[in-house]
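Provided below for reference: sequence and predicted model.
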Amino acid sequence: MPTPGSGRGFIWLGLVLSSVCVALGCETQANSTTDALNILLIIVDDLRPSLGCYGDKLVRSPNIDQLASHSLLFQNAFAQQAVCAPSRVSFLTGRRPDTTRLYDFNSYWRVHAGNFSTIPQYFKENGYVTMSVGKVFHPGITSNHTDDSPYSWSFPPYHPSSEKYENTKTCRGPDGELHANLLCPVDVVDVPEGTLPDKQSTEQAIQLLEKMKTSASPFFLAVGYHKPHIPFRYPKEFQKLYPLENITLAPDSEVPDGLPPVAYNPWMDIRQREDVQALNISVPYGPIPVEFQRKIRQSYFASVSYLDTQVGRLLSALDDLQLANSTIVAFTSDHGRQSMDLVELVSLFPTLAGLAGLQVPPRCPVPSFHVELCREGKNLLKHFRFRDLEEDPYLPGNPRELIAYSQYPRPADFPQWNSDKPSLKDIKIMGYSIRTIDYRYTVWVGFNPDEFLANFSDIHAGELYFVDSDPLQDHNMYNDSQGGDLFQLLMP
C-alpha cells in the first residue's frame, strides 16, 4: 500500500477506544477477575478515514460513527509499516518492525527475532479467555500457520471457510463469465457456500459472545474483518448506495512534485486483477482511466458500508447480551490512511493493558531482542483523564515534541515488479519516516537484509513536507533543506 515516502501515502490510521472508562471517567481500575473489564478488539483491513466520523459526507457508516460518537477518536494514529503482516505483528507485540525484523510475509518473529509476548497472550496470562475470529494476525508463516496459537489464544483461532474464495473467479463480469477482478460486487446467494468471510466472522463472534455472557472469566475477543481490502468483493446491494454519477475523483491524485522514484508504488497486486489487466496500463506510471477510477472509489465506499453493517451487528449483540457496559471496544485498521496528539499503533498494547486494570508492561530497553515482555509504544492513558493513575513519563506535555515513526522496504531505487512487497532477501533500501504536527520527513537509506541493518550514511533519497503550507504533501522540499542534518537531529 502507500508508503512513508510517497507524498500522501504515509498512511494514517483511525483508532477508536470506547468503554465504560470513557462514559464513567474510570477513576479506579478493575482490581480482580471478578470485576475485570472485557476487551473487544476490532481490526479492519485497509480502512481509510472514509467514514462519517472523520467528516466524510458521502460514505454511509452509521454504526462505526455511532461507536465513535461515544469513544475516544484518534485522528493522527500511525501504523509502523503499511503492509498487513508486518503491521499486525508490530501492534500485536507492541514492537517496531526493526525489532520484530518482519518486513515481509516470510518469517515468524518468535524464531526469527525474539520470543516476544503479544497483547492477547498477556491478557491470557492474566486470567482472560482469549479468542480470535477472522484476520487478526496475518495467516501463514508470519503467525506460524496457527495465528500464534496456543501462545496467544485460549482456543484455536477461527477462520471463515469462505475466505479461500476471496481471490478466485467469483466476480460476474459484463461478459457474463466469472473473473478474479478487483471490482467484485456479488449476489451472495450465488457465491460459493452462499456467504462471505466477514458475514461468517460476525456470526462466529456473536456465538462466542453468547457463550461468554455466563463465563466467570473476563474475555478478550479479537475480530478481524477482511473488507475493505482488495478485491472489493461485497454484496452488490451496497453498490446501489453510491450511484456512479455521484462519485468524484480523488481530490489530489497527482504525484507530488519532487517525489523520488524509490518512493513510488507501482501497485503490482492490483495490476494482477483481470479487470485491471484488461485496461493494459503501462508499468509503472501509466494512468488509470478516469471512469475506472470512479468505479474503484465506488466499490471501496460500498465495501466500507458493507463492513459497517457487520460492525453494527457485532455491537448490537454486545448490547443485547448486556455486555457493553463491561467491555472496552477498540477499533482500528492495520493500515489505510486516516485532533488529538500524534499516536502510534504500537501504543495499543500498553493502553489496553492499562484500561483493563492490568500492570502496564515496562518500556523496552535498547536492544530488546532478549526481553519477552516489554513495549516500545507510549501509554495513552492520559487521554482518558484518569485521576488515580500516573501518566506515562514518556508522554511529553508539548504536542510539538510528539513524533510518530514508520518505515517501508524497497528492493531498488526505481519501481519494479516487487517494489510493493519485497521479500527480506531482496530489501536493499529502507525508508524511515518521522511525522510531527508540523512536518513529515523521510529518508531512504541502504539496508543489509542479512544483518537487519540500515546504513544512514548511505542516503538514496529524501522527502520533506510541511503540514501548514502544504497540507496535501504535494511539494517535496528535501533538496531545498539540510535534509541529512535534520534527520540526525530528530532520530532518537
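It's in.

the stretch 51-200 of the chain: helices as residue ranges?
Secondary structure of the stretch 51-200 of the chain by DSSP state H, counting those that start in this stretch: the helices cover 62-69, 84-93, 97-100, 109-112, 119-125, 197-212.

so for Pro256, which of those sits nearest?
When the helices of the stretch 51-200 of the chain are compared by Cβ to Cβ, helix 84-93 sits nearest Pro256, at 23.2 Å. Using the backbone N, CA and C atoms, a C-beta is placed for each residue, glycine as well.

for the nearest residue to Thr309 once chain neighbours are set aside, give me the pLDDT.
Of all residues beyond its chain neighbours, the one nearest Thr309 is Asn63 (7.0 Å), with distances taken as Cβ to Cβ, 6 or more residues apart in numbering. pLDDT, Asn63: 96.

contacts only, for Phe349.
Counting by Cβ atoms under 8 Å, 6 or more residues apart in numbering, Phe349 touches Phe91, Leu92, Thr93, Gly94, Ile119, Tyr122, Pro361, Arg375, Gly377.

tell me who's in contact with the residue nearest to the second one when sequence neighbours are not counted.
Once flanking residues are discounted, Leu92 sits nearest to Thr118: 5.0 Å by Cβ to Cβ, 6+ apart. Contacts were defined as Cβ under 8 Å, 6+ apart; by that measure Thr118 touches Leu92, Thr93, Asp148, Tyr151, Ser152.

how far away is Thr118 from Glu344?
From Thr118 over to Glu344 the distance is 17 Å, taken as Cβ to Cβ, to the nearest Å.

sorry, back to before: of the helices of the stretch 51-200 of the chain, which is nearest Pro471?
Of all the helices of the stretch 51-200 of the chain, it is helix 62-69 that lies closest to Pro471, at 22.5 Å by Cβ to Cβ.

what residues does the closest one touch?
Helix 62-69 is contacted from outside by Val16, Ser18, Leu51, Gly52, Cys53, Asp308, Thr309, Val311, Gly312, Leu315, Val329, Phe331, using Cβ under 8 Å, 6+ apart.

ditto for stretch 173-191
Contacts of stretch 173-191 (Cβ under 8 Å, 6+ apart): 162, 165, 167-172, 194-196, 199, 230-236, 238-239, 270, 273-276, 295-296, 299, 302.

buried ones in the one helix or strand Leu307 maps to, by neighbour count?
Using DSSP states H and E, Leu307 sits within helix 290-320. Neighbour counts over helix 290-320 (16 or more other Cβ atoms under 10 Å) mark 292-315, 317-318 as buried.

quick one: list the elements packing against the lengthiest strand in the chain.
Ranked by residue count and defined by DSSP state E, the top strand of the chain is strand 453-466. Contact here means 3 or more Cβ pairs under 8 Å, 6 or more residues apart in numbering; DSSP states H and E; on that basis strand 453-466 packs against strand 429-435, strand 439-448, helix 483-490.

what is the rounded mean pLDDT of the last one?
By that I understand helix 483-490. For helix 483-490, mean pLDDT is 54.

find the centremost residue of this structure, please.
Closest to where the C-alpha atoms of the chain average out (Cα atoms, centre = their mean) is Asp334, at 1.1 Å.

apart from its chain neighbours, what residue comes closest to it?
Ser87 (4.4 Å).

got any ranges where the chain has weak pLDDT?
The chain contains residues with pLDDT under 70 at 1-34, 335-341, 385-401, 481-492.

kindly recompute the last result at 80.
Along the chain, the model assigns pLDDT under 80 to residues 1-35, 335-341, 383-401, 481-492.

tell me how it divides into domains.
12-384, 405-490 (automatic domain parsing).

ranges for the helices of the stretch 301-450 of the chain?
According to DSSP H, counting those that start in this stretch, the helices that the stretch 301-450 of the chain contains are 348-355.

hang on, the earlier thing: and the helix holding Leu307, what does it pack onto?
If contacts are counted by 3+ Cβ pairs under 8 Å, 6+ apart, helix 290-320 sits against strand 38-44, helix 62-69, strand 183-186, helix 197-212, strand 219-225, strand 232-235, strand 327-333.

could I get those as TSV with distance to Trp109 and mean neighbour count?
As requested, the helices and strands packed on helix 290-320 are exported to TSV (distance: least, Cβ to Cβ, whole Å; neighbours: other Cβ atoms under 10 Å):
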stretch	distance to Trp109	mean neighbour count
strand 38-44	18	24
helix 62-69	30	18
strand 183-186	33	21
helix 197-212	24	20
strand 219-225	17	26
strand 232-235	30	25
strand 327-333	20	23
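
using a markdown table, lay out those together with distance to Thr351.
Formatted as a markdown table, those follow (distance: least, Cβ to Cβ, whole Å):
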| stretch | distance to Thr351 |
| --- | --- |
| strand 38-44 | 11 |
| helix 62-69 | 17 |
| strand 183-186 | 36 |
| helix 197-212 | 22 |
| strand 219-225 | 14 |
| strand 232-235 | 32 |
| strand 327-333 | 8 |
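
between those, which one is nearest to Thr436?
Distance to Thr436, taken as Cβ to Cβ, is lowest for strand 327-333 among the helices and strands packed on helix 290-320, at 21.5 Å.

name the strands paired with the closest one and say parallel or antiparallel.
Strand 327-333 has the following sheet partners, assigned by DSSP bridges: strand 12-18 (antiparallel), strand 38-44 (parallel).
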